[in-house]
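J.: quick one, fold the following:
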Amino acid sequence: MASEKSQKKVFIRTFGCQMNEYDSDKMADVLEAAQGYTKTDKADEADLILLNTCSVREKASEKMFSDLGRLREFKDAKPGVLIGVGGCVASQEGEALVKRAPYVDIVFGPQTLHRLPAMIQRRNATSLPQVDISFPENEKFDDMPPARVEGPTAFVSIMEGCSKYCSFCVVPYTRGEEISRSFADVMNEIRDLAARGVKEVTLLGQNVNAYIGKLIDEESGEEIDADFALLLTAVNAIPNIERIRYTTSHPLEFTQRLIDCYAKLPKLVSQLHLPVQSGSDTVLAAMKRGYTVMEYKSIIRRLREKRPGISISSDFIVGFPGETEEDFNRSMKLIEDIRFDGAFSFVYSRRPGTPAASLMDETPQEIKLKRLQHMQRVLEAQSTSVSEAMVGTVQRVLVEGVSRKDASELMARTDNNRVVNFPADKQLIGQFVDVVITKAMHFTLRGEVRTHEATLRVA
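T.: Here you go, the predicted model:
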């Protein structure tokens, strides 16, 4: 029986965000623990093919349906293979997805991926498609097997869902309302990861700083709320965890307590991704973001007071319905004022079922694309200037593995999330080392290992 289990293989294709990447890893963990599936990167040798989908932008959704169409021919040639669709498109489409693609065997949402083994069993027993896109509270967290450790870094999901209901976004409808894991569960997982050699953790959530966990007060014995700042403080105290990251945060709940963490917690990296979406108050109001440009700038100003030199990246949507040239120019003014270290920027993508989908949009696509190209040129120039300023500095980096482009070199990551490639012995993998930055490339840095123990580290 064991040998039969070990022969089953699963291929997982992931679309979208880091939360989806995390969920795909969990799918593999669940299937291995329950039914002995091993991961493969070759779809043609898989017994189970899973597409973990994203519906935040139209292109990701279209790409998924394109891939699904090609899988129909694959299934005709190999009838025994099972095809599953998970993630946000699955949650949005539900039964309609099976009607559109009747060769799909399993449809599951982000909150029901832990039920995959049972759904596969029911599919095999009944020969009927299985659909489960419900939103069971905390069940997903409770039913997960221990995370696999494959290097010195790990992602830890601390919350699910979103309750912000921005007018352009489908996430609240596909992932449900905000649900936080218990404080103890998060801490136990991170302690376990630390014991297994993990040195850097990235805390994940749709709005990670909205985290409110439950904690038992040691003095009173009563259950109290633990906010994100308290969680960060507790993680900072875990031995062997040397670096803490998190993503993605929301300006609306970026509290002063969280800002103060940057003065108090040395393990918290000097890098933050804080989506703003627009530099126009008019557009922000139409997006239902809940803050103004001035309030966003105030957060950045207070962060830089606590942690000078902190690297800030962001997200921008160009061409939101009703955006004028003046609105766009205000976004460019914000980019000039803040000087972002990097940003993801996209033309607005109308998502069915969202409030913004019904808004009048009279701006021609060519104008939107022209605005986007201009914005991306400016953002890239800012990012390049940051990289170039790092040349000649000494950076403490965590060596994550072998370089993707050159197997004779190693790849590491700086505190401000820059990838550095350099020649060195593979024994350094999993270690923190000091490197001198020698060159700024288009997307990465090059460096040399600093041989002397006593060095002046430049943040």
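J.: end to end on stretch 248-262, go ahead and measure it.
T.: End-to-end distance of stretch 248-262: 17 Å, with Cα to Cα, to the nearest Å as the criterion.
J.: can you list contacts of that stretch?
T.: Contact with stretch 248-262 is made by 17, 164, 205-210, 227-229, 232-233, 268, 270, 272-276, 289-291, 295-296, 299, 302-303, 306-307, 310, as judged by Cβ atoms under 8 Å, 6 or more residues apart in numbering. Using the backbone N, CA and C atoms, a C-beta is placed for each residue, glycine as well.
J.: also stretch 229-246?
T.: With Cβ under 8 Å, 6+ apart as the criterion, stretch 229-246 contacts 158, 183, 186-187, 190-191, 193-195, 198-205, 208-209, 211, 213, 215, 255, 257-258, 260-261, 264-269, 271, 398, 415, 417, 432.
J.: go again using 6 Å as the cut-off
T.: Residues lying outside stretch 229-246 but in contact with it, judged by Cβ atoms under 6 Å, 6 or more residues apart in numbering, are 190-191, 194, 199-200, 202-203, 208, 257-258, 261, 265, 267-269.
J.: buried stuff in the helix or strand harbouring L231?
T.: Taking DSSP states H and E as the criterion, L231 maps to helix 228-236. Within helix 228-236, the residues that count as buried by 16 or more other Cβ atoms under 10 Å are 228-235.
J.: so after that helix, what's the next helix or strand?
T.: strand 243-247.
J.: any regions of the stretch 1-150 of the chain where pLDDT drops low?
T.: Residues of the stretch 1-150 of the chain meeting the criterion pLDDT under 70: 1-6, 57-61, 137-140, 143, 147.
J.: how about 80 then?
T.: By pLDDT under 80, the low-scoring segments of the stretch 1-150 of the chain are 1-7, 16-18, 55-65, 136-148.
J.: for it, what spans make up the helices?
T.: 2-6, 18-35, 58-77, 87-93, 95-100, 116-126, 139-142 (DSSP state H, counting those that start in this stretch).
J.: doesn't D341 make contact with L379?
T.: No - using Cβ atoms under 6 Å, L379 is not in contact with D341; the gap is 9.3 Å.
J.: which residues touch Q92?
T.: Contacts of Q92 (Cβ under 6 Å, 6+ apart): 55, 174.
J.: rewinding a little: Produce a ChimeraX select command limited to the buried residues of the contacts of stretch 229-246.
T.: Provided next is the ChimeraX selection string for whichever of those are buried by 16+ other Cβ under 10 Å:
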select :190,194,199,200,202,203,208,258,261,265,267,268,269
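J.: of the contacts of stretch 229-246, which pair is most distant in space?
T.: K199 and R257 (25.8 Å; Cβ to Cβ).
J.: just checking, what packs against the helix or strand where K368 lies?
T.: Following DSSP H and E, one finds K368 within helix 365-390. When contacts are defined as 3 or more Cβ pairs under 6 Å, 6 or more residues apart in numbering; DSSP states H and E, helix 365-390 sits against strand 311-318, strand 342-347, strand 432-440.
J.: which residues sit in contact with Y103?
T.: Y103 touches 72, 75, counting by Cβ under 6 Å, 6+ apart.
J.: what's it sitting at in phi/psi?
T.: As for Y103, its main-chain torsions (degrees, to the nearest 10) stand at phi -80, psi 0.
J.: quickly note the distance from it to R351.
T.: 26 Å (Cβ to Cβ, to the nearest Å).
J.: so what's L272 closest to, chain neighbours aside?
T.: I312 (5.6 Å; Cβ to Cβ, 6 or more residues apart in numbering).
J.: distance check, that neighbour against T282.
T.: 23 Å.
J.: of the two, who's got more company?
T.: Taking neighbours as other Cβ atoms under 10 Å, I312 and T282 compare with I312 leading, 21 against 15.
J.: number of residues surrounding G221?
T.: 7.
J.: likewise for I224?
T.: 12.
J.: for S127, same thing?
T.: 8.
J.: again with Y348
T.: Y348 has 23 nearby residues by other Cβ under 10 Å.
J.: got phi/psi on it?
T.: Here is the backbone geometry of Y348 (degrees, to the nearest 10): phi -50, psi 130.
J.: ok, G109 next?
T.: When read as degrees, to the nearest 10, the backbone of G109 gives phi -90, psi 170.
J.: G16 versus that one, what's the distance?
T.: 14 Å.
J.: so these two - more neighbours on which side?
T.: Comparing G109 with G16 by neighbour count (other Cβ under 10 Å), the higher total belongs to G109, at 25 against 21.
J.: touching, the more buried one and S91? I think so.
T.: Yes - G109 is within contact range of S91, at 3.8 Å (criterion: Cβ under 6 Å).
J.: could you name every residue contacting both of these two?
T.: Joint contacts of G109 and S91 (Cβ under 6 Å, 6+ apart) are I133.
J.: excluding chain neighbours, what is closest to F141?
T.: In space, F141 is closest to R181, 4.9 Å off (Cβ to Cβ, 6+ apart).
J.: mind pulling up the pLDDT for the one you found?
T.: R181 carries a pLDDT value of 92.
J.: can you check I216 too?
T.: Looking at I216, its pLDDT reads 82.
J.: low-confidence regions, the stretch 351-459 of the chain specifically.
T.: Short version for the stretch 351-459 of the chain, where the test is pLDDT under 80: 451-459.
J.: residues near I216, how many?
T.: Other residues close to I216 by other Cβ under 10 Å number 13.
J.: can you check R446 too?
T.: That count, for R446 with other Cβ under 10 Å as the rule, works out to 17.
J.: can you check the one 3 residues further on too?
T.: Per other Cβ under 10 Å, the neighbour tally for V449 reads 17.
J.: now the closest residue to it other than its chain neighbours: phi and psi?
T.: Nearest residue to V449 in three dimensions, chain neighbours excluded: A424, at 5.1 Å (Cβ to Cβ, 6+ apart). Dihedral angles phi and psi of A424 (degrees, to the nearest 10) take the values phi -170, psi 170.
J.: now do F340
T.: Here F340 shows phi and psi, under degrees, to the nearest 10, equal to phi -70, psi 150.
J.: check contacts around the spatially closest residue to M19 that is not a sequence neighbour.
T.: Nearest residue to M19, sequence neighbours excluded (Cβ to Cβ, 6+ apart): L204, at 5.7 Å. L204 makes contact with 19, 22, 155, 157, according to Cβ under 6 Å, 6+ apart.
J.: please redo it, this time with the cut-off set to 10 Å
T.: 17-19, 21-23, 155-160, 245-248 (Cβ atoms under 10 Å, 6 or more residues apart in numbering).
J.: equivalent analysis for G353, please.
T.: Going by Cβ under 10 Å, 6+ apart, the list of residues near G353 reads 55, 92, 170, 173-174.
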